[in-house]
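Peer 1: below is the structure, and that's it, no one-letter string:
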DNA sequence: CCCAGTAGGTTCGATGACCGAACCTACTCG
DNA sequence: CGAGTAGGTTCGGTCATCGAACCTACTGGG
């Protein structure tokens, strides 16, 4: 969405949020970041997004402080994009959006399941653990493939994401 | 966002959700519906959205089952748009998005405050009540103006929304 | 009866975002 | 020295969005 054109005049926190993460593809980039994707080519392959659009989104998310760009190797210079604290704060939004999509758009076939790793219980609608009755830190969230997921995807990133993993755990699509 | 162009290939509930409510303006229309806005002209005035775009959004939200179109008067024929159960299920998403916008985009100036009416506690990130530790039915959510809100707005709908109100309570911008 | 006003749209040309493909740079490996 | 890879930028075409104008159906006032 992006255009502050009219959004800027809105006296509303939701509209302000949408100016940052409301454009096409933007929220999916953030989602991938939660899944552990960090590198340009991994986003590119996993999302099937045009290169120019990905570059623009990474730039605007970095400008907005949702992602941080970090040099992880000098020669040749290579950068990775990781979630900032501000970006991590988007988890409740993504969680509730995914839950809504699963229950109100498609045929109730879960794509991915998010559980409280220490106890193995699936997260509740509030991102809490129903069994432990506490909020769950991101590091304690384990994502597992659900029945709706293609068991033999094309791209390496999707294949790497088939295994159970913790949120934010860096992804290395080479070792699969 | 809308275009299933590539989103459709995504094995992900979040992407599916974004196909329905990810386009520009769409989520703001839904937000207004939570605030009690029901009529075409009220959406139009409050959002400052082009007429053609509003008509398209109302149509697609109705097709998706998020809103329902209801004839409330026969002569002349007049319709109103109200949230379905599916639409109401978007509340946690809107709540978390608004909270994120308030805390991570602008200068921490709350525009609107949402409280659990029976106990007066402000809602948490998923629309739950932290004090009562339960989900809050939408009818028990009271919205109040926050310090960031323009105290003397132009359009009648904004003016009507200045008073504390319950979510979903039908708005009548004529009596202000 | 005529006219102005209102609700709820549709149509239109211009602008701007998004798309896919091609190209570029810097470096490494064999 | 040539091929390959990561991480981009540039470019022309298409499609969504924009604001403004127009349309229809009805009501209420003089």
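Peer 2: All right, it came through fine. On a predicted model such as this, the values are computed, not experimentally measured, just so you know. Numbering: from 1, shown residues only, chains lettered A, B, ... in the order given.
Peer 1: do you know how far the most centrally placed residue in chain A is from DNA strand D?
Peer 2: Nearest to the mean C-alpha position of chain A, by CA atoms, centre = their mean, lies residue A:31 at 1.3 Å. Applying CB to the nearest atom of the strand, to the nearest Å, the value for residue A:31 to DNA strand D is 18 Å. Yep, even glycine has a C-beta here, placed from its N, CA and C like the rest.
Peer 1: hang on, that residue in a strand?
Peer 2: No. Applying DSSP: H, G, I helix; E, B strand; the rest coil, one finds residue A:31 to be helix, outside a strand.
Peer 1: that one against residue B:14, yeah?
Peer 2: Yes. Using CB atoms under 8 Å, residue A:31 is in contact with residue B:14, at 5.5 Å.
Peer 1: what do these two both touch?
Peer 2: Both residue A:31 and residue B:14 are in contact with residue A:94, where contact means CB atoms under 8 Å, 6 or more residues apart in numbering or on different chains.
Peer 1: quick one: contacts of stretch A:111-131?
Peer 2: Stretch A:111-131 is contacted from outside by A:91-92, A:95-96, A:98-99, A:102, A:132, A:134-136, A:140-146, A:148-149, A:166-167, B:11-13, B:92, B:124-128, B:135, using CB under 8 Å, 6+ apart.
Peer 1: may I see the ChimeraX selection of the buried members of the residues you listed?
Peer 2: This is the ChimeraX syntax for the buried subset of the contacts of stretch A:111-131, where burial follows 16 or more other CB atoms under 10 Å in any protein chain shown:
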select /A:91,92,95,96,98,99,102,135,136,140,141,142,143,145,148,149,167 /B:11,12,13,92,124,125,126,127,128,135
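Peer 1: ranges for the helices of chain A?
Peer 2: Assigned by DSSP state H, chain A shows helices spanning A:4-7, A:13-21, A:26-35, A:40-47, A:51-63, A:85-88, A:91-104, A:156-160.
Peer 1: what about residue A:150, distance to DNA strand D?
Peer 2: 23 Å.
Peer 1: which residues does the nearest residue to that residue once chain neighbours are set aside contact?
Peer 2: Nearest non-adjacent residue to residue A:150, counting by CB to CB, 6 or more residues apart in numbering or on different chains: residue B:11, 5.5 Å away. By CB under 8 Å, 6+ apart, the residues touching residue B:11 are A:111, A:148-150, A:153, A:158.
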